[in-house]
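A.B. asks: Next one to model:
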Amino acid sequence: MATYDAHMSEASRGTLPLRAENCSIERALGIVGEKWTFLVLREAFNGVRRFADMQAATGAPRQVLSARLTRLVEEGLLRKVPYREPGQRQRDEYRLTQMGLDLYPTLVALMQWGDRYLSDREGPPMRLTHRGCGALIEQHFRCADGHEVPSPREVTPIPGPGLRLSPAARPAADADTAGS
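C.D. replies: Residues are numbered from 1 along each chain as shown. From the prediction side, this is the model:
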């Protein structure tokens with residue numbers, strides 16, 4: 001165990017590459033890491049709930065949109081809610097769950113990055129404002145003690161309690177005993 005602890009200390013200081021077999025970023029990208037998924041979520045955050053409206057807003061091919069909506073429901077980011085227009089058959093609307101709502105800061109960060117580096121000369125195509133006062137929305141990182149963290153250079157990744165190292169990242173002594 002001493003070898004593992006020493007390895008973890010070195011890894012947390014950034015001196016060794018650390019490859020988690022249960023990486024949260026990799027798992028999240030397995031669900032949302034595709035263009036159409038982000039566009040569906042964008043529309044859901046903008047209040048679009050119905051298939052035809054979502055298709056018109058995203059430009060997604062019907063089969064692609066259907067597959068994305070099905071996956072987002074299966075993964076728990078959206079839920080189906082039945083509705084019926086007068087004289088029509090029952091259909092489903094797609095509404096964000098809490099799990100889906102929790103992705104909002106991610107989409108805002110992606111949008112603000114695009115605004116900063118990819119906008120037309122005239123500026124960003126959309127602005128986000130606080131409904132209560134009208135001020136522009138800004139995102140900031142803060143630590144648990146309330147300090148603003150201005151740069152990724154001010155962040156130190158450390159192993160969490162659930163870290164499982166991939167076999168390639170384990171020290172040789174640990175890799176030899178991993179199968180026993």
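A.B. asks: nearest spatial neighbour of residue 124, skipping sequence neighbours?
C.D. replies: Using C-beta to C-beta, 6 or more residues apart in numbering and skipping residues adjacent in sequence, the residue nearest residue 124 is residue 115, 3.8 Å away. The way it works is simple: take the backbone N, C-alpha and C, and place the C-beta from them, glycine included.
A.B. asks: And that neighbour, what's its pLDDT?
C.D. replies: Confidence at residue 115, expressed as pLDDT, is 94.
A.B. asks: Tell me which helix or strand it sits in.
C.D. replies: helix 104-118 (DSSP states H and E).
A.B. asks: chain center to that helix, what's the gap?
C.D. replies: What separates the centre of helix 104-118 from the centre of its chain is 12 Å, taken as C-alpha atoms, centre = their mean, to the nearest Å.
A.B. asks: which other helices and strands contact it?
C.D. replies: With contacts taken as 3 or more C-beta pairs under 8 Å, 6 or more residues apart in numbering; DSSP states H and E, helix 104-118 sits against helix 35-45.
A.B. asks: between the helix it packs on and helix 104-118, how many degrees?
C.D. replies: Relative orientation of helix 35-45 versus helix 104-118 (axes from the mean of the first three to the mean of the last three C-alpha atoms, to 10 degrees): 110 degrees.
A.B. asks: buried stuff in the very next helix or strand once past helix 35-45?
C.D. replies: Next in sequence after helix 35-45, counting helices and strands by DSSP H and E, comes helix 51-58. Within helix 51-58, the residues scored as buried using 16 or more other C-beta atoms under 10 Å are 51, 54-55, 58.
A.B. asks: could the residues you listed go into a markdown table alongside distance to residue 69 and pLDDT?
C.D. replies: Shown next, in a markdown table, are the buried residues of helix 51-58 (distance: C-beta to C-beta, whole Å; pLDDT from 0 to 100):
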| residue | distance to residue 69 | pLDDT |
| --- | --- | --- |
| 51 | 7 | 97 |
| 54 | 8 | 97 |
| 55 | 10 | 97 |
| 58 | 11 | 96 |
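A.B. asks: Out of these, flag the one nearest to residue 148.
C.D. replies: Nearest to residue 148 among the buried residues of helix 51-58: residue 58, at 35.2 Å, using C-beta to C-beta.
A.B. asks: Against residue 123, how distant is residue 84?
C.D. replies: Separation of residue 84 from residue 123 (C-beta to C-beta, to the nearest Å): 42 Å.
A.B. asks: thinking again about what came up before, hmm, who's touching the helix holding residue 115?
C.D. replies: Residues from elsewhere that reach helix 104-118 (C-beta atoms under 8 Å, 6 or more residues apart in numbering): 38, 41-42, 45, 123-124, 126, 128, 137, 139.
A.B. asks: swap in stretch 65-81?
C.D. replies: Applying C-beta under 8 Å, 6+ apart, the contact partners of stretch 65-81 are 31-32, 34, 36-37, 40-41, 44, 49, 51, 54-55, 58, 60, 92-97, 99-100, 103.
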